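> test case, fold it:
(3 chains)
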Amino acid sequence: MNMKRTTITCGLAASAIVIAIAWGLLAASLIPLWAAETAIVVAFPVLVLFLGLWWRAPGGEEDIPFIGY
Amino acid sequence: MLDIGGDNLFVLEFGDILHYYTPYTATLFLVALIFTGLVIASRPEKQVDIAFGGDAYYAKETTLSEMRFRRFMAIACGLATMGAMGSGDLFNFTLFASLVGIANIGIVAAVKSRHVLDAAYEYGIVAMVATLPLFGGAALILATTGTLSIPALAAGGFAVPLVGKAFLALGVIGEGMAPFYAAKAEMFRAPGAPYVIMCSLSSLLIFLRVVEIVITI
Amino acid sequence: MIEYLVFAAAFGLLLLGLHRKVIARVQMRPGPPVWQEILHALKFSFKSTWVPKTASATLYVGVVLIGIGIWSAALFVVLAGESILILFAIYMLHKVVEHGFGLSSGSPYGKFGGVRSVISAASEIPLFVTIAAIYFFTGSLLLDDIIAYQTVHGPLLLIAPPAAIAMYLVILSKMPYGPFSIVEGKELVSGYKTEHFGVWRAGIAVIDGTKTFVLLFAFVAIFIGAVPFSLALIIMTVILVSLSFVCAVTPMLSPYDSVTVQGLITGLMLLYAGYLWWVMP
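The predicted structure is shown next:
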């Protein structure tokens, strides 16, 4: 799997924005608690994985090809 | 109604036969839905096996026709599980549970391997026998109380026989015995992870639901 | 919200690090630093990551997401004081997630880790006996009601000690390096985790951390009742250290022995529930 850095950044940003919005709306008590929790339960796993992928995402200067197996 | 799974979120009535969701059953329903989505979206894995007597290993391929049939069975299993999660009627629940049993056999029985077919056959016999206490339990409860509606039974005023509840639980354990049956690893020689997981997931879910039903009624 | 999740994952990982440290000290080894598991999670998240060629890609990635999702949901269920049935359903669904981890890669090691996870489903049945016993006393399964019951009648730990022991054993069967942790026996490399590397493994670390936190926190809430948060953390740590002592001095059982022992415990707990059902009005 080789996702582009832009794809990964988009995924990371999307999940972070969902969490931020859910948090903000809950703080302003515009949405009920369960709705905010559902949003975070969905977005948090995505955030965790994309954060990890983002750190190592290819930026166009790879110099060590994978030579395993 | 006893408050064990949280307040009702949604009730769909057809006369006294109804579907209802508490936070508990809604959670179970969502999990069944997610895994059914995974069954639809994912391809079977290529199981790696070691050839004895050498260093060689090979990856099993799943043929397209086999994959199609098993995917169909796994989706049917997912739908039956989702039905069983929301059903507010004992008879509907038993029907869905037996459908889960049939679909579970279908998921493993399509694999062309002697060990897997043997396991599926034995599993099928147990699942068939288990329909007896399953429907028997529902029949006993209907005969003594005159209703099959879970909310009506939960409202009180009925002496639900303990043996009926025990039969119901026994029947579900028989239908959804896949996790317990897994001790015979033959069933898991079958490649096709998304479908095999549906076996254990559906069994766990109907087991979790029957616990709620037995405590409630 | 999110801060609870991050705290739970980090504190859970810290507890798992402490677990390793205590086991090591009991066995007269120096052991890793306490924050080792947090470092592991970070390390794995920096590793290069792909999906094995033989794996069922969607499922392989999907179970990691589902695993983190269900334990996040479990944390919110406990914090909101919802039904403990939901919590225990999530606990059982963790089996299916482990099964998914194992089967999705196509590796035989992972597969047998997953199968072992499913055959030890017997370890979950004491949970239902715990639920039944609690229900006999409190008449409700909502965590808020259970806590309210304990503020009036005192902790359930003293009222129904066998139920507490059952849940303690259930938590024990989920601890790494314990007598029942057959799912990651060394003869299976890392069991169901074998083929999940890099970021996927970091995801597993988050799952493990949150799971440990949620289970211990739920134990405190169900059997001790309302305590200040800081005190709850201390009690959780004490329970964890006691679990570490058990893990340090017991060998890992063989799969069938493990299932047999868990089955026997289930039988005893069923007897206790039957007894309660007999004597309670």
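> distance between the strand or helix carrying residue C:62 and the chain's centre?
Using DSSP states H and E, residue C:62 sits in helix C:57-80. Computed by C-alpha atoms, centre = their mean, to the nearest Å, the chain-centroid distance of helix C:57-80 equals 14 Å.
> what comes into contact with stretch C:227-244?
By C-beta atoms under 8 Å, 6 or more residues apart in numbering or on different chains, the surrounding residues in contact with stretch C:227-244 are C:11, C:15, C:18-19, C:22-23, C:26, C:168, C:171-172, C:175, C:178, C:212-213, C:216-217, C:219-221, C:224. Placement of C-beta: from N, CA and C, glycine included.
> go ahead and build a ChimeraX selection from the buried members of those residues.
Command for ChimeraX that selects the buried part of the contacts of stretch C:227-244, burial taken from 16 or more other C-beta atoms under 10 Å in any protein chain shown:
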select /C:11,15,18,19,22,23,168,171,172,175,178,212,213,216,217,219,220,221,224
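> ok, back up a step: which other helices and strands contact the helix holding residue C:62?
Applying 3 or more C-beta pairs under 8 Å, 6 or more residues apart in numbering or on different chains; DSSP states H and E, we find helix C:57-80 packed against helix A:33-56, helix B:23-41, helix B:193-216, helix C:2-26, helix C:84-104, helix C:198-223.
> next, format those helices as TSV and append distance to residue A:18.
Formatted as TSV, those follow (distance: least, C-beta to C-beta, whole Å):
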stretch	distance to residue A:18
helix A:33-56	4
helix B:23-41	18
helix B:193-216	27
helix C:2-26	10
helix C:84-104	22
helix C:198-223	18
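> could you dump these into CSV with distance to residue B:146 and mean pLDDT added?
What follows is the helices and strands packed on helix C:57-80, written out as CSV (distance: least, C-beta to C-beta, whole Å; pLDDT from 0 to 100):
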stretch, distance to residue B:146, mean pLDDT
helix A:33-56, 37, 86
helix B:23-41, 25, 89
helix B:193-216, 18, 86
helix C:2-26, 48, 93
helix C:84-104, 28, 87
helix C:198-223, 38, 92
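> what average pLDDT does the helix holding residue C:62 get?
Average pLDDT, helix C:57-80: 91.
> swap in stretch B:90-105?
Stretch B:90-105 shows a mean pLDDT of 89.
> is chain C within reach of the host helix or strand of residue B:151?
Using DSSP H and E, residue B:151 sits within helix B:150-154. No - for helix B:150-154, no contact with chain C is found by C-beta under 8 Å from any C-beta of the partner chain; the gap never falls below 13.7 Å.
> could you do stretch B:71-84 as well?
No - residues of stretch B:71-84 are not located near chain C by C-beta under 8 Å from any C-beta, the shortest gap being 11.6 Å.
> may I have that stretch as CSV, with CA atoms only?
Provided in CSV are the C-alpha atoms of stretch B:71-84 (Å, rounded to 0.1, in the frame of the first residue of the first chain):
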residue,chain,number,x,y,z
ARG,B,71,-20.1,-14.0,0.5
PHE,B,72,-23.8,-14.4,-0.2
MET,B,73,-24.1,-16.7,2.9
ALA,B,74,-22.1,-14.3,5.0
ILE,B,75,-24.3,-11.4,4.0
ALA,B,76,-27.4,-13.5,4.7
CYS,B,77,-25.9,-14.3,8.1
GLY,B,78,-25.3,-10.7,8.8
LEU,B,79,-28.9,-9.8,7.9
ALA,B,80,-30.3,-12.5,10.1
THR,B,81,-28.1,-11.3,12.9
MET,B,82,-29.3,-7.7,12.5
GLY,B,83,-32.9,-9.0,12.5
ALA,B,84,-32.3,-11.0,15.7
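> how about residues contacting it?
Residues outside stretch B:71-84 that contact it (C-beta under 8 Å, 6+ apart) are B:29, B:32-33, B:35-36, B:39-40, B:92-93, B:96-97, B:99-100, B:103-104, B:106-107, B:110, B:194-195, B:198-199, B:201-202, B:205-206, B:209.
> spell out which residues of chain A are next to chain C.
Contact residues, chain A versus chain C (C-beta under 8 Å from any C-beta): A:1-2, A:19, A:22-23, A:26, A:33, A:36-37, A:40-42, A:44-46, A:48-49, A:51-53, A:55-56, A:66.
> residue of chain A closest to chain B, please.
Taking C-beta to the nearest C-beta, chain B has its nearest neighbour within chain A at residue A:34, 8.4 Å off.
> quick one: that residue from residue C:72, how far?
13 Å (C-beta to C-beta, to the nearest Å).
> which one of the two has more residues nearby?
residue C:72 (29 against 13; other C-beta atoms under 10 Å in any protein chain shown).
> the closest residue to that one other than its chain neighbours: how many residues sit nearby?
Leaving aside its sequence neighbours, residue C:72 sits nearest to residue A:41 (C-beta to C-beta, 6 or more residues apart in numbering or on different chains; 4.8 Å). Neighbourhood size, residue A:41 [other C-beta under 10 Å]: 21.
> same check on residue A:13?
13.
> tell me, what's the model's pLDDT at residue 13?
With no chain named, the answer covers chain A. pLDDT at residue A:13 comes out at 89.
> oops, chain B please
At residue B:13, pLDDT is 76.
> then it would be within a helix, right?
No - the assignment for residue B:13, made by DSSP: H, G, I helix; E, B strand; the rest coil, is strand rather than a helix.
> tell me the bridge partners for it.
For residue B:13, the residues forming beta bridges with it (DSSP bridges) are residue B:18.
> how close does it get to chain C?
In this view, residue B:13 and chain C are 23 Å apart by C-beta to the nearest C-beta, to the nearest Å.
> look at that residue and say how many residues are nearby.
Counted with other C-beta under 10 Å, residue B:13 comes out at 11.
> again, but for the one 5 residues further on
Using other C-beta under 10 Å as the criterion, residue B:18 is surrounded by 18 other residues.
> what values do phi and psi take at residue C:35?
Phi and psi for residue C:35, reported as degrees, to the nearest 10, are phi -90, psi 10.
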